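*Asks:* sequence and computational prediction follow.
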Amino acid sequence: AVVSTQSTGDHALLEEVLHYKKSVTVEKTLGRLPISHVIPLILAITEKIEKKPSRGGELNIWLRQLFITHRSYLISSPDVAAQLQPLYKLIDVQLNNYPKLTKLQGKLELLLQEKRSDEEVT
């Protein structure tokens, strides 16, 4: 199914396939994936995470398994770094945002703690 989504550009079918989260299913599916479809699938998943970052958790299962299953190909491919620039950019953006989000989370926790303290006093 993954191969046909890549060949036909069937986004609905790709969405259906990517909703599978069982590691055994993902592993078997990607084990049958031809090498020529590895980079396009990585880029399609990256694009989906860029469009809707909240899906990162569920789609990372697929990315992780893609890298595990096809690591030999990815390591030996001379131009893989250039082809995966969108993924590198996505990771950089998320890494740059992480400290800001952590700082914001700390401030929110402090405000909530103050509110609870004020409620306990009254």
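*Replies:* Ah, there it is. Residues are numbered from 1 along each chain as shown.
*Asks:* Leu59 - how many residues pack around it?
*Replies:* 17 (other Cβ atoms under 10 Å). (C-beta placed from N, C-alpha, C; glycine too.)
*Asks:* do the same with Ile45
*Replies:* By other Cβ under 10 Å, neighbour count at Ile45 equals 22.
*Asks:* distance of it from Glu15?
*Replies:* 11 Å (Cβ to Cβ, to the nearest Å).
*Asks:* how about Gln65?
*Replies:* Separation of Gln65 from Glu15 (Cβ to Cβ): 17 Å.
*Asks:* list the buried ones in stretch 22-37?
*Replies:* Using 16 or more other Cβ atoms under 10 Å as the burial criterion, the residues of stretch 22-37 that qualify are Val26, Thr29, Leu30, Leu33, His37.
*Asks:* using PDB, list the CA coordinates for that stretch.
*Replies:* Output of stretch 22-37 as PDB, limited to C-alpha atoms (Å, rounded to 0.1, in the frame of the first residue of the first chain):
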ATOM      1  CA  LYS A  22       1.700  -1.100  16.000                       C
ATOM      2  CA  SER A  23       5.400  -1.400  15.800                       C
ATOM      3  CA  VAL A  24       5.200  -4.900  14.300                       C
ATOM      4  CA  THR A  25       2.900  -3.700  11.500                       C
ATOM      5  CA  VAL A  26       5.100  -0.600  10.800                       C
ATOM      6  CA  GLU A  27       8.200  -2.800  10.800                       C
ATOM      7  CA  LYS A  28       6.800  -5.400   8.400                       C
ATOM      8  CA  THR A  29       5.400  -2.700   6.100                       C
ATOM      9  CA  LEU A  30       8.600  -0.800   5.900                       C
ATOM     10  CA  GLY A  31      10.600  -4.000   5.500                       C
ATOM     11  CA  ARG A  32       8.800  -4.600   2.200                       C
ATOM     12  CA  LEU A  33       9.400  -1.000   1.000                       C
ATOM     13  CA  PRO A  34      11.600  -0.800  -2.100                       C
ATOM     14  CA  ILE A  35      14.700   1.300  -1.600                       C
ATOM     15  CA  SER A  36      13.600   3.800  -4.300                       C
ATOM     16  CA  HIS A  37      10.600   4.800  -2.100                       C
END
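*Asks:* thanks a lot, see you next time.
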